[in-house]
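Q: sequence? don't have it. structure:
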């Protein structure tokens, strides 16, 4: 029934990833580096694993989910604000990097055409890595995050053009026909246009009502979103575009719905798992078996990627009147090469424009730049401080702002009310939850209501958060660690137990609904500040009523 | 990717239908998957088998996480009774039926074995959908599932090694014990320590959880056991609290995903092997559905002390065959001990019973079946009851209403369906009637219309409203304790007096909250 080889390989990959990730955490390194290291160990260094097509499928799914997740963050208001600026920045970055790369490679002894191709390959930065880092840093909404993602988007469009160009070329020769190329480009752009229009129209007219209906059942919403993502990706396949763009657009279309945060929280664990496999398989497929001279050349190119690209982006972003800090972080994020670079090189090798060793060279450059840049990003604050003190950022004085930089959500904007403090979280908007929310708010406390059902949250007049209370990410979004109390009114024993546990870990007092006396026993062991026992209180109230009716004496 | 996309699309449709028609999702997924295979949209056994295998492993793992032994601590005796009797009786009757229907000896043996256990992940999913304490019948069924899974694993191991002689059997059992011990050590010490003492981020924790799955599965593979055995023990290793809660919160999206694709893929793989064989397959389905509920219900009530309704519920919950039945069948198929048709019978029985369970194991069905239950009716006195206080359903807190009423000199009569409650009441000297408090005949016998006060505490609002609609004298106060406001409104519209637990609790909470500063 099961392909054992595949499960075995997958198992080894996951175990290696887990072990290395634990190690990386112990020394505060980012998990990406851990995954690559695991891949290197399993592939080039020991040859234990070969990446099969099934593993590729999982890795590919990881990229799709990652971009889907990113798209889910981008609401139209945000995109509109960034627009033109990003196009300029992205375009400038591409042109400048190609020129710089070409010059360096030519200087290192490559012929003109290979040097150009290498220059182009070095231009791209890795969407997967950058976005994953941004997600880990919870900075996809910050200005530098937005700029980085924007530049990457422009690069993606450039890639589409390039890939179309290459695929329009006959194999093995070094020439091309104008008509074929023009036809290929027209098809690609046409397809892209169709896709964008279709998906965005869907997001305005087709999706909102069905998805709002589906939101009544979290599982349905989740599966529907995945389904929509896969369908759009299927459409991009059909239109000969890359699946990355499809997933991204699918995510954007769902970002306009009110429940995109909840979707993000649900997609994230799924994505984390698939992405780990992706990076490990990337490591496995690297080829380290080359000469010292090669290493030197690779080091040179890596230096260009790390320093040269940094300088270029820093220049551009400061010219666009962003703050030095924003420019610094955005530039730092983009200092590596992309998986597209590998694909591009592979295609040009096939088309006969460049020799095979270019691929190996790029692999090494990739490894070096990814490792150094991800570590640099993790320690970005300290690095920023050091670089400033050394006066290295002096040449990049930001152009003074002509007017306030609106539209990117403010320099530190974050739409989540994750900066609540001293508030009360109420989980479960049933009758008890609603009563408590109203009364507590009337007494002047800040209340955040949490429930799975969007309809229940609509009836309540306080701040709300939609999602599954068992999720730690949700509690983080609700600022549990800053709350003064969490109240659970749920009738579900398992969830209540988990909430009590999480509150204890966060050091926040909790008050839990003990819906019958057997649940009471369990909760008594859990360090709960106050147990809500409606049945007991109800009996007291009933006895009062019986007194009123004359059956009991007071 | 396209095969996966189609299956995900089918799953999306299944969930949509489930949400719309308010039907459980598993039957719909299976049906859609079956439809998919009929229309030829999904080709490639390979993709389906891969998804099925991944789904199976993962779902067994996720279900294993719920099997916390502490949950059924007090009920070990009842658990063992039910597990053993159900296992043996179903296996034996399955074997007998198979012989009767003309199957060969070996096939009959495997068919019997395939009927012997209930499905852990279907039952766990059903239990998770229930609000309220698991203690009513959940803990008992979880215990039974754990015991049965262990039993079927042993059976699998023994069967796998028998052809190679006694020493292989011993080795196999040793291997299982090794994994079981490892799993127990993880469950008792390692994972609780990891989750509580070491603060790991969600991403790493998820990887650790999945790595656990693969470690155990890999270990099982090394020891020549099937993957699912490893998956089961991996899940068990994570079953203690708070590990299980944390694990569940991280794995929900993954398990929704795998559930969706597993059942759709399963539906797509169902093949009807000709009319005669199909009929025979349904004979087995009937056997499982007809034998299990009464058997389990009787044992649950007699040995487990559950109320009649809860016993019936446990019986309905356990009336299906298991994912391990599929594993058993596959094993036999690969060892050429059964022909392909027998495998398809096993698949049909498993899929049908798993599909029916969510439709069957509901409160409504349990209540209907309650009518078939021989209930002792006992009246407290010979004389007709008059001017008494009638209590419909005691609940866990009802004595706090009964005692003051008796102290005030009223005669109190309680109607309840739970034998344990009746026992307590009799010992306390309170008149009681064991029966269904919504049954008009029972109410008549209890003197509903002659009472001076009726107190109602039943969890099901439809039942309460039904009682309120019965004919009763004008001034008879019917006091009902409820939780939700709409229920209170409905009750008052029918002339009852509603007492809102939630409001009372909110007031008490505010008093505490304000006092504690």
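A: Nice, thanks for sending it over. Fair warning: this is a prediction, and the values are worked out from it, not measured in the lab.

Q: which residues touch the most centrally placed residue in chain A?
A: Residue closest to the average C-alpha location in chain A (C-alpha atoms, centre = their mean): residue A:135, at 4.2 Å. Each residue near residue A:135 by C-beta atoms under 8 Å, 6 or more residues apart in numbering or on different chains is listed here: A:66, A:69, A:70, A:268. In short, each C-beta sits where N, CA and C put it, glycine included.

Q: the second one: neighbour count?
A: This points to residue A:69. Neighbour count for residue A:69, taken as other C-beta atoms under 10 Å in any protein chain shown: 25.

Q: how near is it to residue A:207?
A: Per C-beta to C-beta, to the nearest Å, residue A:69 is found 18 Å from residue A:207.

Q: do the last one as well
A: Shown here: residue A:268 relative to residue A:207, a distance of 21 Å by C-beta to C-beta.

Q: so what secondary structure elements neighbour the longest helix that chain B contains?
A: In chain B, assigned by DSSP state H, the helix with the most residues is helix B:275-304. Counting by 3 or more C-beta pairs under 8 Å, 6 or more residues apart in numbering or on different chains; DSSP states H and E, the packing neighbours recorded for helix B:275-304 are helix B:76-100, helix B:105-115, helix B:138-161, helix B:308-317, helix B:340-360.

Q: pick the most deeply packed of these.
A: helix B:308-317 (a mean of 26; mean count of other C-beta atoms under 10 Å in any protein chain shown).

Q: one step back: just the pLDDT for the residue nearest to the centre of chain A.
A: pLDDT, residue A:135: 79.

Q: same thing with the one 3 residues further on?
A: What the model reports for residue A:138 is a pLDDT of 78.

Q: that one in helix, strand or coil?
A: With DSSP: H, G, I helix; E, B strand; the rest coil as the basis, residue A:138 sits in coil.

Q: quick check: phi and psi on it?
A: Backbone geometry at residue A:138, expressed as degrees, to the nearest 10, gives phi 50, psi 40.

Q: repeat for residue B:272
A: Note on residue B:272: its backbone torsions stand at phi -90, psi 110 [degrees, to the nearest 10].

Q: before we move on, what about residue B:478?
A: phi -120, psi 110.

Q: just for the stretch 51-200 of chain B, where's the confidence low?
A: Applying pLDDT under 70 to the stretch 51-200 of chain B picks out residues B:131-135.

Q: which residues does the closest residue to residue B:492 other than its chain neighbours bridge with?
A: The shortest distance from residue B:492 to any non-neighbouring residue, by C-beta to C-beta, 6 or more residues apart in numbering or on different chains, is to residue B:498 (5.6 Å). Legend: beta-bridge partners of residue B:498 under DSSP bridges are residue B:480.

Q: residue A:315 and residue A:326: what is the separation?
A: In terms of C-beta to C-beta, residue A:315 sits 14 Å off from residue A:326.

Q: what about the helices in the stretch 301-450 of chain B?
A: For the stretch 301-450 of chain B, the helices defined by DSSP state H, counting those that start in this stretch occupy B:308-317, B:323-334, B:340-360, B:363-370, B:399-407, B:419-427, B:440-445.

Q: CSV please, covering the ones you listed and showing mean pLDDT.
A: Below are the helices of the stretch 301-450 of chain B laid out as CSV (pLDDT from 0 to 100):
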stretch, mean pLDDT
helix B:308-317, 89
helix B:323-334, 86
helix B:340-360, 88
helix B:363-370, 82
helix B:399-407, 90
helix B:419-427, 85
helix B:440-445, 84
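
Q: which one of those helices lies closest to residue A:254?
A: Closest to residue A:254 of those is helix B:340-360 (C-beta to C-beta; 29.1 Å).

Q: isn't residue A:536 right up against residue B:396?
A: No - in this structure, residue A:536 is not within contact of residue B:396 by C-beta atoms under 8 Å, at 9.4 Å.

Q: thinking again about what came up before, ok, residue A:315 and residue A:326, which is more surrounded?
A: When residue A:315 and residue A:326 are compared for neighbours, residue A:326 comes out ahead with 22 against 17, by other C-beta under 10 Å.

Q: ok, the more buried one - contacts?
A: Residue A:326 makes contact with A:143, A:144, A:147, A:317, A:411 under the criterion C-beta under 8 Å, 6+ apart.

Q: quick check, pLDDT for it.
A: 85.

Q: state the distance from it to residue A:68.
A: For residue A:326 relative to residue A:68 (C-beta to C-beta), the value is 26 Å.

Q: one more: residue A:318?
A: For residue A:318 relative to residue A:68 (C-beta to C-beta), the value is 32 Å.

Q: check residue A:179 too.
A: Distance of residue A:179 to residue A:68, computed by C-beta to C-beta: 37 Å.

Q: higher neighbour count, those two?
A: Between residue A:179 and residue A:68, counting by other C-beta under 10 Å, residue A:68 is the more crowded of the two (30 against 9).

Q: verify the contact between the more buried one and residue A:248 for me.
A: Yes - at 7.2 Å, residue A:68 counts as touching residue A:248 under the criterion of C-beta under 8 Å.

Q: name the residues contacting each of the two.
A: Overlap of the contact sets of residue A:68 and residue A:248 (by C-beta under 8 Å, 6+ apart) is empty.

Q: mind checking the end-to-end distance for stretch A:128-145?
A: 13 Å (C-alpha to C-alpha, to the nearest Å).

Q: sorry, back to before: let me know the helix or strand that the residue nearest to the centre of chain A is in.
A: In this assignment (DSSP states H and E), residue A:135 forms part of helix A:127-136.
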